[in-house]
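Enquirer: Fold the following for me, if possible:
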Amino acid sequence: MSNKVKFQLSFMMFLEFFIWGGWFVTLGTFLGDNLNASGAEIAKAFSTQSWGAIVAPFIIGLIADRYFNAERILGVLHILGAVLMYLMYGADSFDVFYPYVLGYMILYMPTLALVNSISFNQMKDPAQEFSLIRVFGTIGWIIAGLIISYVFLWDSPESRAEGMLKNTFLMVGIASAILGFFSFTLPKTPPRVSKEEKVTISSLLGLDALKLLKDKNFLIFFLSSVLICIPLAFYYQNANPFLSEIGVSNPTGKMTIGQISEVLFMLLLPYFFKKYGFKKTILAGMLAWTIRYLLFAYGNSGELTFMLLIGIALHGICYDFFFVSGQIYTDTKAGEKYKSAAQGLITLATYGVGMLIGFWIAGKITDTYLLENGGHTWQTIWMYPAGFALLVFVIFAVTFKNEKIEYK
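Expert: This next block holds a predicted model:
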């Protein structure tokens, strides 16, 4: 790739994840503080990510892959997204806010596949080149959090009391508009599929890979992937409100430690794969979820703040060792014929079904332990995902038979 194309793709990735990280992390805190949303309502808002993940294959498979250049679709979706962000910025109740966030996530989730498609189309060796482009996405997410906490101080107690967190939607709306118009300057990425080629719902959703579930090991991994999304949902939905409520300073900025950790453990993943194998690596990822939530349960914003920071820093192990390892495992089990279908199936099962269930459970439990003064019994709340992750760990450890997986 030329330096110009490298810059274009890197800037695209930076803005793509700056946009997501710039509002999604603080969403729970915003809804509780600004719109007086209940745990169930917050769960409903976060669940729009799952609905977006379920709808995304249809937008990509039926429209982007068949009729229009990927960069043009990306541009249109982000420009429309900018409008919805502005409407969210002005919403004064949850009932007004929810249709906007649902529409936004249905538009945004397909863009995750589009930015990858645009990038891969310019690469001769994606295995070597993609990570150097994708890392700018993680940097974008980190920068968004640092700006919120350390530049504008929108998540400080004083700013939150004044309703300043709503400014995240305005910031992200501007970034979305910039990416929308910038997308039309990106390298051309024409449709990959002929208009005449027959497409089925099963192929769009990756259901052609269901026959892989006949393999007992893959079935256990598949079910574990769905179940581990329940504790994952607790982190996305509750971590920022929890840190804000107990008085941790600059909570959004501190949560970027998780993304920094994600980059570091991504680099360590090949070593762990080679030395310990797939089963032990993925078990380490599961166990990290339990440890993280125990640290959240017993840490505080005083002398034990370090426990909370360690819990955040475990994100690299929690995410990379389970989800990235799982993508590699799925790739090797599926073979060439079902490779794309299998990845689509896992994405649908985790970010679609698994997270949908997880957000609902997290909302119910959070509401159960709501105090009269508006606070929460956080120690009890965090014990639920800790115990659930430990249960999944035990089931996987006992039932999954070790097998050698090559990491290339």
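Enquirer: so residue 18 touches residue 142, yeah?
Expert: No: at 9.0 Å, residue 18 does not count as touching residue 142 under the criterion of Cβ atoms under 8 Å. From N, CA and C alone the C-beta is placed, and that goes for glycine too.
Enquirer: Give me the more crowded residue out of these two.
Expert: A count of neighbours by other Cβ atoms under 10 Å puts residue 18 above the other of residue 18 and residue 142, at 25 against 22.
Enquirer: ok, for the more buried one, nearest residue in space, not its chain neighbours?
Expert: residue 140 (3.6 Å; Cβ to Cβ, 6 or more residues apart in numbering).
Enquirer: mind listing what the one you found touches?
Expert: Under the criterion of Cβ atoms under 8 Å, 6 or more residues apart in numbering, the contact list for residue 140 reads 13-19, 21.
Enquirer: Check the gap between it and residue 370 for me.
Expert: Distance, residue 140 to residue 370, by Cβ to Cβ, to the nearest Å: 34 Å.
Enquirer: tell me the domain ranges of this protein?
Expert: Taking automatic domain parsing as the reference, the chain has its domains at 1-190, 205-408.
Enquirer: Nearest to residue 198 among those would be which one?
Expert: domain 1-190 (11.0 Å; Cβ to Cβ).
Enquirer: Now do the contacts for the closest residue to residue 405 other than its chain neighbours.
Expert: In space, and not counting its chain neighbours, residue 405 is closest to residue 278: 4.2 Å by Cβ to Cβ, 6+ apart. Residue 278 makes contact with 325, 328-329, 402-405, according to Cβ under 8 Å, 6+ apart.
Enquirer: Reformat those as CSV; add pLDDT.
Expert: Output for the contacts of residue 278, formatted as CSV (pLDDT from 0 to 100):
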residue, pLDDT
325, 87
328, 83
329, 87
402, 86
403, 83
404, 76
405, 72
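Enquirer: residues in contact with whichever strand or helix holds residue 169?
Expert: Using DSSP states H and E, residue 169 sits in helix 167-183. Here helix 167-183 makes contact (Cβ under 8 Å, 6+ apart) with 11-12, 15-16, 18-19, 22-23, 26, 30, 71-72, 74-83, 85-86, 88-89, 144, 147-148, 152, 154.
Enquirer: Would you list the buried entries among these?
Expert: 11-12, 15-16, 18-19, 22-23, 26, 30, 71-72, 74-75, 77-83, 85-86, 88-89, 144, 147-148, 154 (16 or more other Cβ atoms under 10 Å).
Enquirer: All the helices of the stretch 1-150 of the chain, in order from the start?
Expert: Per DSSP state H, counting those that start in this stretch, the stretch 1-150 of the chain carries helices over the ranges 3-21, 27-34, 39-46, 48-59, 70-90, 94-120, 126-146.
Enquirer: what's the angle from the strand or helix carrying the residue nearest to residue 405 to helix 126-146?
Expert: Residue 278 belongs to helix 257-298 when assigned by DSSP H and E. Here helix 257-298 runs at an angle of 60 degrees relative to helix 126-146 (axes from the mean of the first three to the mean of the last three Cα atoms, to 10 degrees).
Enquirer: what's the angle between helix 257-298 and helix 3-21?
Expert: Using the same axes, to 10 degrees: helix 257-298 against helix 3-21 is 20 degrees.
Enquirer: ok, which stretches of the stretch 301-408 of the chain are helices?
Expert: For the stretch 301-408 of the chain, applying DSSP H, counting those that start in this stretch gives helices covering 305-313, 315-319, 325-347, 355-368, 378-399.
Enquirer: which of those has the lowest average pLDDT?
Expert: Note on those: helix 325-347 shows the lowest mean pLDDT, a mean of 79.
Enquirer: Any buried residues in it, and which?
Expert: Within helix 325-347, the residues scored as buried using 16+ other Cβ under 10 Å are 325-326, 328-334, 338, 341-347.
Enquirer: For the stretch 201-350 of the chain, give me the ranges with low pLDDT.
Expert: Low-confidence segments of the stretch 201-350 of the chain (pLDDT under 70): 203-206, 336-337, 340.
Enquirer: So residue 191: helix, strand or coil?
Expert: Secondary structure, DSSP: H, G, I helix; E, B strand; the rest coil: residue 191 is coil.
Enquirer: and it, how many neighbours does it have?
Expert: Counted with other Cβ under 10 Å, residues neighbouring residue 191 total 15.
Enquirer: Also residue 303?
Expert: Counted with other Cβ under 10 Å, the neighbours of residue 303 add up to 8.
Enquirer: re earlier: now distance to residue 198 too, for the domains of the chain, in CSV please.
Expert: Conversion of those to CSV gives the following (distance: least, Cβ to Cβ, whole Å):
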stretch, distance to residue 198
domain 1-190, 11
domain 205-408, 13
